[in-house]
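Colleague: Attaching a predicted model along with its sequence, questions to come.
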Amino acid sequence: MPLPRREYDRTINAEIERLVYQVKVIRQEADGLLWGLSDDQLNWSPGGGRWSMAQCFDHLNVSNQLFIKELEKAVRDGRAAGRLSQGPFAYGFLSRWFYRKMQPPVKSRFRAPKNMEPAPRRTVAEITAQWEATHNRLDDLINDANGLDLVAIKVTSPAASYIRYSLGMGFWIQTAHDRRHLWQARQVRNQADFPA
């Protein structure tokens, strides 16, 4: 599948422009994975405690909703405090390490926190509606962050309140988390015994 057309928007910060493009790529990947699926196919699991595609997407929808609340607060507070910068932005070693750990293909598995566990079953309509709503809001938030200091402003992880990272890295980690579970969903769909 070809990547979405990339038109550079020189009116916004270069890092914000890259994040906007990342979300476009993620949305296109999700559209391709969900296209033409029935509810039964979406909820089929390869067994062995492995998630169905529905559970991969539901986990993303639930975690994205929680993460977006934290990103909204960080953007709002950063704007109110006048924390502005056009970059370029450089992130610390630990943030970059965690970002790399989130990337597919998945080599390290983590247990989903209780507040982010997926429902056992969802419909295509439910998954799609929530996915669109969270990614529309994410698009808006990334654009709202244009001009903010993406390093100085901190965001708290909804997975563990003792983890904080830069706002910009928060956006990058969120997109990496999306890609991680889209990769996982693709592994399910590529199973030889995936229902036709």
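Modeller: On my side now, so go ahead. If you're wondering where the values come from, they're calculated on a predicted model, not measured in any experiment.
Colleague: From the contact counts, what lies against the longest helix anywhere in the chain?
Modeller: Longest helix of the chain, by residue count under DSSP state H: helix 53-80. Packing partners of helix 53-80 (3 or more C-beta pairs under 8 Å, 6 or more residues apart in numbering; DSSP states H and E): helix 14-34, helix 39-42, helix 124-144, strand 154-156, helix 167-189. In this view, the C-beta of every residue, glycine as well, is placed from N, C-alpha and C.
Colleague: what mean pLDDT would you report for it?
Modeller: Average pLDDT, helix 53-80: 97.
Colleague: What angle do helix 167-189 and that helix make with each other?
Modeller: Angle, helix 53-80 to helix 167-189, by axes from the mean of the first three to the mean of the last three C-alpha atoms, to 10 degrees: 170 degrees.
Colleague: same for the very next helix or strand once past helix 53-80, what does it pack against?
Modeller: In the C-terminal direction, the helix or strand that comes right after helix 53-80 (DSSP states H and E) is helix 93-102. Contact analysis of helix 93-102 by 3+ C-beta pairs under 8 Å, 6+ apart lists strand 164-166, helix 167-189 as its packing neighbours.
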